[in-house]
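Peer 1: Sharing a model that was predicted from the sequence below.
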Amino acid sequence: MPPAPTFHIGPIPIHGDVILSPMDGLSDWPFRSLCRQLGSAMSYTEFVKAEEVLDPPKQIADKLYYEEDERPVVIQLYGDEPEVMRSAALRAQELGADIVDVNMGCPSRTIASRGAGVGLMRTPLKVARIFELLTASLAIPVSGKIRLGWDDDSQTYPLIARVVEENGGSLIALHGRTKMQGYGGQANWDAIAEVKSIVNIPVIGNGDVKTVADIQRMKDYTQCDAVMIGRAAIGNPWIFSRLDREQVSFEQAREMMLKHLEHNFEFYGPEMGLVLFRKHAARYLSPYPLSKEIRKKLLTSQRQEEFLSMLDDIFERVNLSPKEEEYLPGPRFRKG
Ligand SMILES: Cc1cc2nc3c(=O)[nH]c(=O)nc-3n(C[C@H](O)[C@H](O)[C@H](O)COP(=O)(O)O)c2cc1C
């Protein structure tokens with residue numbers, strides 16, 4: 001008998017309770033698919049501007065790309081114009097998305113000040129209209145990813161969560177910060193518990209899950225159906241297999257970096273693939289105390305062969321270091 005689903009989004013069964021966050025510039029196909037293989041329970045695309053889904057240039061088409069083994073796939077849209085959102089959502093459905101998600105969390109000034117992203121948290125009637133239109137027009141579930149609100153004095157999350165549910169939405173993901181908090185301060189897990197207690201649709205909790213222990217801690221504290229992990233997954237996709245970074249062997253780290261890099265080369269070509277891998281490389285290597293010069297040389301390398309040979313060299317040095325405990329401060333990192 002196949003294992004029972006952990007929860008459902010509309011009719012879609014979800015197996016697992018930890019999910020990679022959508023992150024613009026980071027949760028692209030190469031990284032997302034690796035996280036999915038390691039245990040992330042579903043795949044969210046990076047957010048895409050509604051207007052651009054209708055006739056996507058290459059860069060946007062890349063963001064909408066997914067493979068079958070990633071399903072359930074969520075295409076996340078941002079926008080504030082209900083009719084444009086509907087057209088884009090219909091296009092996302094045609095592209096094969098299992099779920100369409102409305103971004104109500106992006107704090108970027110250009111997006112939020114025009115009333116999209118977290119700007120929608122200030123306009124509940126517009127959220128109602130968008131969800132009413134989308135849920136009436138689509139055959140697939142529609143979900144919303146929200147924040148607490150604009151600022152401490154305008155925490156509209158309980159209202160917006162209800163509006164999403166009452167207008168047919170099938171899931172709420174809540175990042176427990178306001179727009180004004182950005183990514184700083186502490187995420188408010190009480191708010192996640194509150195939303196879980198007032199809606200009957202599933203709730204994904206998000207914000208400050210950094211370790212394997214945090215996953216269960218957030219679940220116990222909030223009763224959320226699943227936990228979403230963003231920044232802590234960069235450099236540690238193994239968190240989806242419930243491994244903290246210090247439990248990952250040196251060989252596993254090496255293998256993953258090479259596999260990720262290969263995906264990037266395949267997907268973006270050698271030049272762009274390398275450039276877009278830098279942010280990940282810095283995080284994969286962060287436990288190893290490389291000299292500033294080596295780190296800089298690696299992370300500014302322009303050529304595939306040079307980068308790979310430097311990486312080999314780095315791994316060889318870490319591996320051969322006779323006094324690993326001196327070379328690797330802090331928690332001990334096992335070799336493969
Ligand atoms: C670089 C970056 C890009 C992000 N892009 C998106 C996005 O495209 N869509 C979205 O809903 N949230 C986006 N987020 C927010 C994350 O999904 C998540 O809500 C936030 O980082 C909090 O989770 P964390 O504490 O686990 O990182 C982004 C966050 C970061 C750091």
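Peer 2: Nice, thanks for sending it over. Residues are numbered from 1 along each chain as shown.
Peer 1: domain parsing for the chain?
Peer 2: Structurally, the chain divides into domains by automatic domain parsing as follows: 7-244, 248-327.
Peer 1: Could you provide these in JSON lines, with additional columns for distance to the ligand, mean pLDDT and mean neighbour count?
Peer 2: Any C-beta I mention is one placed from the backbone N, CA and C, and that applies to glycine too. Output for those, formatted as JSON lines (distance: least, C-beta to the nearest ligand atom, whole Å; pLDDT from 0 to 100; neighbours: other C-beta atoms under 10 Å):
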{"stretch": "domain 7-244", "distance to the ligand": "3", "mean pLDDT": "98", "mean neighbour count": "20"}
{"stretch": "domain 248-327", "distance to the ligand": "9", "mean pLDDT": "87", "mean neighbour count": "15"}
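Peer 1: wait, which of those domains is closest to Met1?
Peer 2: Comparing these against Met1 with C-beta to C-beta, the closest turns out to be domain 7-244 (13.2 Å).
Peer 1: Does Gly134 touch Val100 like I think?
Peer 2: Check again: residue 134 is Leu, not Gly. Yes. Leu134 lies in contact with Val100 (C-beta atoms under 8 Å); the separation is 6.6 Å.
Peer 1: shared neighbours of these two, anything?
Peer 2: Listed as contacting both Leu134 and Val100 by C-beta atoms under 8 Å, 6 or more residues apart in numbering are Ala89, Val142.
Peer 1: can you pull the contacts of Leu138?
Peer 2: Residues near Leu138 by C-beta under 8 Å, 6+ apart: Ala89, Leu90, Gln93, Val100.
Peer 1: among those residues, which two are most distant?
Peer 2: Among the contacts of Leu138, Leu90 and Val100 lie farthest apart (C-beta to C-beta), at 9.0 Å.
Peer 1: what about Glu52, which SS state?
Peer 2: helix (DSSP: H, G, I helix; E, B strand; the rest coil).
Peer 1: pretty sure it is touching Ile60, no?
Peer 2: Yes. Shown here, Glu52 and Ile60 form a contact pair, counting by C-beta under 8 Å, at 4.7 Å.
Peer 1: Which ones among the contacts of Leu138 map onto helices?
Peer 2: Assigned to helices by DSSP state H, the following of these qualify: Ala89, Leu90, Gln93.
Peer 1: Quick check: the second one vs Asn264, distance?
Peer 2: The reference is to Leu90. Distance, Leu90 to Asn264, using C-beta to C-beta, to the nearest Å: 31 Å.
Peer 1: Pick out the residue nearest the middle of this protein.
Peer 2: Ser21 (1.9 Å; C-alpha atoms, centre = their mean).
Peer 1: Sweet, I'm off.
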